[in-house]
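Student: Structure of the sequence below:
(2 chains)
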Amino acid sequence: MKMKISNRTSKYKLWLRVSVVSVVVTGYSLAETAKKIFEQNCMACHQVENKKEPIVGPSLVEITHLYKKNLAGFVKWSNSPSKKRKDAIQMPSMAHVGNENLEAVHAWMLDVTKGKKFVPKKPKKVDPYALNQNESSQPRLQRIFMSDSSPASIAVTIDGQHSLCWDTVSCRMRYVWKGGFIDGYPYWERNGNAFATLIGEVYYRAPKEQESSLVNEKFKDTPKFKGYKMVDGLPIFYYSIGSHHVSEAIMNRDGNIVIRVKIQSDETIEGSVRYPLGDLVKTQLKHSAGKIENGALVLTAKEAAGFELTFNLKK
Amino acid sequence: MFKLFIVSLVAVNTLTFSASAGWDDVCEVVEIPNPTNPRVDSQVGAVGTLPNGDIITAFHRGEVMVFSKGKWKLWASGLHEPLGMHVENQHSIVVVQRSELTRISDTDKDGTADSYESLCNNWGMSGNYHEFAFGASKAADGDFYVALGTASSGAGVRKEIRGEWNAGGVSAEETQKNFINATERKGLQRMYGRVPHRGWVIKINPKTGEYKPIASGLRTPHGVCVTAKGDLYINDNQGDWLGSSKLYKIEEGKFYGHPASLIWTKGWDRGIPANLKPSDLDAMRSKSVCFLPQGDLANSPTQILELPKKGFGPYGGDLIMGDMNQPRLVRYLPDTVNGKEQGAGVAFLEHSKLGRGNAKITVGEEGTLYIGKTHLSWAGDSGMIALKYKDVPHLAIKQIKLTEKGFQLTLNEPADAVGITLDGTRYSLNYHRKYGSKKVNPTELKASSIEVNGKAVEIILKTPPIAGQIYDISLSGVGSKKSGELLGHRFFYTAHQVLTQEETAGVQ
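Tutor: Numbering: from 1, shown residues only, chains lettered A, B, ... in the order given. The predicted structure is shown next:
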């Protein structure tokens, strides 16, 4: 007898009953018989733990959870099943298996699921305040915890599809992505112990090491964020590097993200101004001035006073 | 003048005052519909009143909307957990968000904000969820007070932080590993403040963007209020080192008890502050002016507001605050003993429909408080209500003074009681690193006499007041034929100081 039975008395009676039928008929042990019945009649839809796709019916672990102490209920359901899950297919009747064999399957099921605990799948929480289609295609700015940037970062989308993360600590665009904006629900549903989820693919990241978007021999000060103005739903960011006042306007030009940089200086800028660039493998980058040299857009002082960078995902 | 002298042990039937008003008679709750265009998560982070009387509200997800004549209109958006505001004028507000003190303005006056000017953004942020920034209470000199909450060991810190990391034996990197569901705290105390100036109240100069750290020892200091007199009051949440929630009257340079913030004291060289002996920390700290006992009065006190003189009957000018967990507001009644302020907390406007989560309060039209609710996944609620004070005559406590032998209460009107009983206990709370505190040695209070003399109620206790004790006292039978029984008959007085010389070693 291989079965391990917890409720010895009732299971023993069951064993007696079932064994008479199955052993006589098949010559198999009780467990083998039950397993065979399961394989022939149930396995197409029921797995032990529902680990493999496709998942059709509830797992044996879940069925055991429901019917462990309700053998009669299990037999009754198997003979004339109804439907508990709206989207599931209808289970056919197992009346042809016979009550004794169903009882054997029940006992076998307890055995194979022993030690496995049923953990109900939590339904995925849906944001009750998710934006509708029209709202989510508008330009939008949201301050929230963003991954791979400082805790004081700003997410901006130009059209709900093409978006960027702007960091108020280093005062620069940190990365650009395409395919959506953010899902802030992981943060908003609780108290902020989560980043917003990015929707889409990040195709450009600014280099991590630099402290500021603009590099010049004389720019010694840490950039200082001053705020932003909203124009047509998109921001113009303002910051200063020492006595140099910088604005970065985020714009939508035919679905491309344009960053228009302007520098106003109280003192003359000497030498070139570099805008260090990240990996451009996936990026289609256009620049209105300067030239790309050694991983940076290099501009003369005059060019740096006003230039544009246009980002898109390389086709 | 009617004068009555009663020995409390003598059983006297209390007089039933026919016209007694309850809180439901004294105020009225009016629900405000949630915005529908756009639909927003209606957890409220900040509220204010515009000069034209409209109510301006900042919500959890960063929308700022104006409530005018029964309708909501979107005014600004995109903020990160706004938790306080100051209204500058009809077209400009100052909001404190997680990362910044921001002036939001509608510069072209088209009815929608277009300018978000960063007034200060250089306090530390580890990215820990519990690092809330509260306040934006304006000082007389034009500066703003902001109180910076500490981080919770329920989580670590982000890979990128803002500001210097103060290691104190544990690196930012070590903490980062444990960010979500931190199982090992690696030397971090329950609440920690390893970026500047967590656990401090800071004073921000909006012109320079620089701030000055003012006082330390705070944990989750939700309520920040500068009074008309210029005093700064801050309340703090029960937790580690706080036996219960408290109210502080803040003085520059002082430490108020939660040790995490001490690490940012200039010249600090004593290691991890929470590892110091509690007795050493106790000697360093300045005490609260009032405990807000957990469960009995407040669990998580919120915004503090000074009521206008007009429109709130006998309560005009009083300091009140909300609470997240308890369906009531709390009123503070200050006293001065031996030259030091301390006082009592009393339940206020405890309307049966008030509900929980009363986080943010602003005064609207005369006699009306607009209250915004939030929960941020803790106890609380969402949405807004208007709480209208009704001019229904009732008997209220105006003042509570500690005396050598007990307490003297001043009422708003003369009382004419024939039977007064006192129910009460005194106890202290532990000052320790553990979360909260049990009531230490609760002792039943007995009155040897309670005398009513016009507006004054003189309570003589059998045992004179003892320092370091919280007095939880309920009176019944105080009333007048005209105004009925006393409303708000239970008070919690914090007796750090007493007038006798027999100071015992009370813990708090």
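Student: Every contact and neighbour count from this point should use C-alpha atoms.
Tutor: Will do.
Student: show me what contacts the closest residue to B:K455 other than its chain neighbours?
Tutor: Nearest non-adjacent residue to B:K455, counting by C-alpha to C-alpha, 6 or more residues apart in numbering or on different chains: B:P414, 4.0 Å away. In this structure, B:P414 makes contact with B:N453, B:G454, B:K455, B:A456, B:S480, judged by C-alpha atoms under 8 Å, 6 or more residues apart in numbering or on different chains.
Student: now do B:N237
Tutor: Listed by C-alpha under 8 Å, 6+ apart, the contact set of B:N237 reads B:R219, B:T220, B:P221, B:H222, B:S244, B:S245, B:K246, B:N299, B:S300, B:P301.
Student: neighbours of the first one, just the number please.
Tutor: By that I understand B:R219. For B:R219, the neighbour count with other C-alpha atoms under 10 Å in any protein chain shown is 34.
Student: Pick out the residue of the stretch 51-200 of chain A closest to chain B.
Tutor: A:Q142 (4.1 Å; C-alpha to the nearest C-alpha).
Student: In a strand, that residue, correct?
Tutor: Yes. Counting by DSSP: H, G, I helix; E, B strand; the rest coil, A:Q142 is part of a strand.
Student: mind showing which ranges of the chain have poor pLDDT?
Tutor: You didn't say which chain, so I picked chain A. Counting by pLDDT under 70, chain A has low-confidence residues at A:1-27, A:86-87.
Student: ah, I was thinking of chain B
Tutor: For chain B, residues meeting the criterion pLDDT under 70 lie at B:1-19, B:168-188, B:500-508.
Student: Pull up the residues of it that are close to chain A.
Tutor: For chain B, the residues in contact with chain A (C-alpha under 8 Å from any C-alpha of the partner chain) are B:39-41, B:60-62, B:77-80, B:99, B:102, B:114-119, B:121, B:125-130, B:155, B:158-162, B:180, B:376-377.
Student: hey, where'd the strands end up in the stretch 351-500 of chain B?
Tutor: For the stretch 351-500 of chain B, the strands defined by DSSP state E, counting those that start in this stretch cover B:358-363, B:368-373, B:383-389, B:397-402, B:406-411, B:421-429, B:439-444, B:447-453, B:456-461, B:469-476, B:479-480, B:484-485, B:490-495.
Student: Make JSON lines out of those strands and add mean neighbour count.
Tutor: Formatted as JSON lines, those follow (neighbours: other C-alpha atoms under 10 Å in any protein chain shown):
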{"stretch": "strand B:358-363", "mean neighbour count": "28"}
{"stretch": "strand B:368-373", "mean neighbour count": "24"}
{"stretch": "strand B:383-389", "mean neighbour count": "22"}
{"stretch": "strand B:397-402", "mean neighbour count": "20"}
{"stretch": "strand B:406-411", "mean neighbour count": "20"}
{"stretch": "strand B:421-429", "mean neighbour count": "21"}
{"stretch": "strand B:439-444", "mean neighbour count": "14"}
{"stretch": "strand B:447-453", "mean neighbour count": "21"}
{"stretch": "strand B:456-461", "mean neighbour count": "20"}
{"stretch": "strand B:469-476", "mean neighbour count": "20"}
{"stretch": "strand B:479-480", "mean neighbour count": "26"}
{"stretch": "strand B:484-485", "mean neighbour count": "25"}
{"stretch": "strand B:490-495", "mean neighbour count": "26"}
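Student: now the ones you listed as JSON lines including distance to A:E189?
Tutor: Output for these, formatted as JSON lines (distance: least, C-alpha to C-alpha, whole Å):
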{"stretch": "strand B:358-363", "distance to A:E189": "18"}
{"stretch": "strand B:368-373", "distance to A:E189": "15"}
{"stretch": "strand B:383-389", "distance to A:E189": "15"}
{"stretch": "strand B:397-402", "distance to A:E189": "41"}
{"stretch": "strand B:406-411", "distance to A:E189": "46"}
{"stretch": "strand B:421-429", "distance to A:E189": "35"}
{"stretch": "strand B:439-444", "distance to A:E189": "35"}
{"stretch": "strand B:447-453", "distance to A:E189": "51"}
{"stretch": "strand B:456-461", "distance to A:E189": "50"}
{"stretch": "strand B:469-476", "distance to A:E189": "38"}
{"stretch": "strand B:479-480", "distance to A:E189": "48"}
{"stretch": "strand B:484-485", "distance to A:E189": "45"}
{"stretch": "strand B:490-495", "distance to A:E189": "36"}
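Student: Between those, which one is closest to A:P128.
Tutor: Nearest to A:P128 among the strands of the stretch 351-500 of chain B is strand B:383-389; the distance by C-alpha to C-alpha comes to 15.0 Å.
Student: Counting by contacts, list what that closest one packs against.
Tutor: strand B:27-32, strand B:368-373 (3 or more C-alpha pairs under 8 Å, 6 or more residues apart in numbering or on different chains; DSSP states H and E).
Student: Please work out which residues outside that strand touch it.
Tutor: B:26-34, B:42-44, B:311-312, B:367-374.
Student: Now do the residue nearest to A:K83 when sequence neighbours are not counted: how many residues are near it, please.
Tutor: Distances taken as C-alpha to C-alpha, 6+ apart put A:Q90 closest to A:K83, at 6.1 Å, once the chain neighbours are dropped. Using other C-alpha under 10 Å, A:Q90 is surrounded by 14 other residues.
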